[in-house]
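> structure for the following, please:
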Amino acid sequence: MFGTVNNYLSGVLRSAEDYDGDNLGTLLSLRDVHVQNHNLYIAQPEKLVERMLKPPLDEVVIAHLKVLYYLAQEPPSYMEAYSQQSASCSAVVKLLQQLKDENWCLPLMYRVCLDLRCLAQACEKRCRGFTPGHVLEKAADCMMACFRVCAADGRASEEETKRLGMMNLVNQLFKIYFRINKLHLCKPLIRAIDNCAFKDSFPLPEQITYKYFVGRRAMFDSNYRMAVEDLSYAFTHCPDRFTSNKRLILIYLVPVKMLLGFLPRKSLLERYDLLLFHDLAVALKAGNVNKFDEIVRDQELVLIRSGIYLLVEKLKFIVYRNLFKKVFAIRQTHQLDMGDFLSALQFVGVTDVSLDETHCIVANLIYEGKIKGYISHAHNKLAKAKRASEKLKHIRCKFPINENHNLNKRNKTHCAPGT
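You can find the predicted model right below:
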């Protein structure tokens, strides 16, 4: 494609004159086939480009050709390529500012920012001599310049406003902030989208990605109900053909819903190769603390890499609660000896626990609201509120995240398995 540089530049000029942002973005993307054209690997393309293109578009193209040149070296010069891609992004900001009441160049902005993030990630992975996350953070600063121009465009009509490009940039920034673990920087971006009059007009794929990241952030903030709402939206609206994306959403949605008392069906987990959560659910239902710990220990690396290890650890309170609920069912009294709870723990294989530790476990369950009552240390007993058992016995178990995978809504036991 485009055998000579002049042919390539003519294609760029033609796209700009036709206001064809999609084609222009393709011609300036590192994912297009033109990057394999050796005739475009030019170290100093300024004179060639400036003869055919006007600023600031010429700056975008010059930087792009230099990126191709540096990536074609052996080995590739990722830092130099990143620097030129950053310059390209800055030139795109100038282009956005120049086109005051037009938004046809938004696809170009999307491609340039995407390539900037990918090159920053490549630098983080392959280059040395800087603090981890530094290059990605600098890339985010460049994207924020584009975001500010888009967010400030209040003059154009609804069809021509640059604010329609906000969510795409926000999703790119989310990917950076989650990678460098600076989730607090997401808050102003979320506020900007919530206050945007066009928040329901963004393309569905962008809304799905946005809900996925907002749901994950709510999960880390322990706002589990909001996390379920956003992640469920992302899962339900994500097309079935994107199996890997739906699986990624479920990795966070399943443990959050389990924490709220809703267990998934085994068929759902089998479909997305997530039977790890079925094993956890079985141990949780049975109140088998030892089995639960064994699963978490065996899958520790998987849970840590997914970022849900601490969330799964919180499920242990429900495992304790379900075990101790069986003690209540057996004794049928509102005053139970703490030794009974210790015996229950030892029965399920927790042999390294003392009576004092059992007191701590029960105290934490009371604090978390899993048990209603108080501990009498003088009599070594738990005095349970008479109506507390209602909360323990009648918690509905369902997982309504897809119309094809509903749980049996008639089963009202908290830990009923999905069948």
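> nearest residue to Asn288 in space, please, no chain neighbours.
Val348 (5.1 Å; CB to CB, 6 or more residues apart in numbering). Where C-beta positions appear, they are placed from N, C-alpha and C, glycine not excepted.
> quick one: the closest residue to Leu71 other than its chain neighbours from Val254, how far?
Spatial nearest neighbour of Leu71, excluding adjacent residues (CB to CB, 6+ apart): Ala81 at 5.1 Å. Distance check for Ala81 against Val254: by CB to CB, to the nearest Å, it reads 39 Å.
> now for the closest residue in space to Gly349 that isn't next to it in sequence, how many residues are close by?
In space, and not counting its chain neighbours, Gly349 is closest to Asn290: 3.2 Å by CB to CB, 6+ apart. Per other CB atoms under 10 Å, the neighbour tally for Asn290 reads 15.
> for the stretch 101-250 of the chain, give me the ranges with low pLDDT.
Within the stretch 101-250 of the chain, the stretches with pLDDT under 70 are 156.
> how about the helices in it?
106-126, 134-151, 166-179, 186-194, 204-220, 224-237, 243-259 (DSSP state H, counting those that start in this stretch).
> hang on, the earlier thing: surely the residue nearest to Gly349 is in contact with Gln346?
No - Asn290 is not in contact with Gln346 according to CB atoms under 8 Å; the separation is 9.8 Å.
> what residues are up against the residue nearest to Asn288?
By CB atoms under 8 Å, 6 or more residues apart in numbering, Val348 lies in contact with 286-291, 323.
> and for His278?
264, 266, 269-270, 418.
> can you tell me which of the residues you listed end up in helices?
266, 269-270 (DSSP state H).
> just the buried ones from the residues you listed?
Neighbour-count burial within those applies to 266, 269; the criterion is 16 or more other CB atoms under 10 Å.
> distance of the residue positioned nearest the centre of the chain from Val112?
The chain has Phe213 as the residue nearest its centroid, 3.8 Å off, counting by CA atoms, centre = their mean. For Phe213, the distance to Val112 equals 21 Å [CB to CB].
> how many residues are close by the closest residue to Val170 other than its chain neighbours?
Nearest residue to Val170 in three dimensions, chain neighbours excluded: Leu189, at 4.8 Å (CB to CB, 6+ apart). Counted with other CB under 10 Å, the neighbours of Leu189 add up to 23.
> my read is that Tyr78 contacts Glu124, right?
No - with contact defined as CB under 8 Å, Tyr78 does not reach Glu124; the gap is 9.4 Å.
> now do the phi/psi pair for Pro45.
phi -90, psi 10 (degrees, to the nearest 10).
> then Leu336?
phi -120, psi 140.
> pLDDT value on it, please?
pLDDT, Leu336: 91.
> still on that earlier bit, contacting residues around the helix or strand encompassing the residue nearest to Gly349?
Asn290 is located in helix 289-298, with elements delineated by DSSP states H and E. Applying CB under 8 Å, 6+ apart, the contact partners of helix 289-298 are 276, 279-280, 282-284, 303, 309, 312-313, 315-316, 319-320, 323, 345, 348-350.
> just to revisit the earlier point, hmm, Asn171 and the residue nearest to the centre of the chain touching each other?
Yes - with contact defined as CB under 8 Å, Phe213 and Asn171 form a contacting pair (6.9 Å).
> how about Tyr224, what does it touch?
So Tyr224 contacts 218, 256, 259-260 (CB under 8 Å, 6+ apart).
> right, I'll leave it there.
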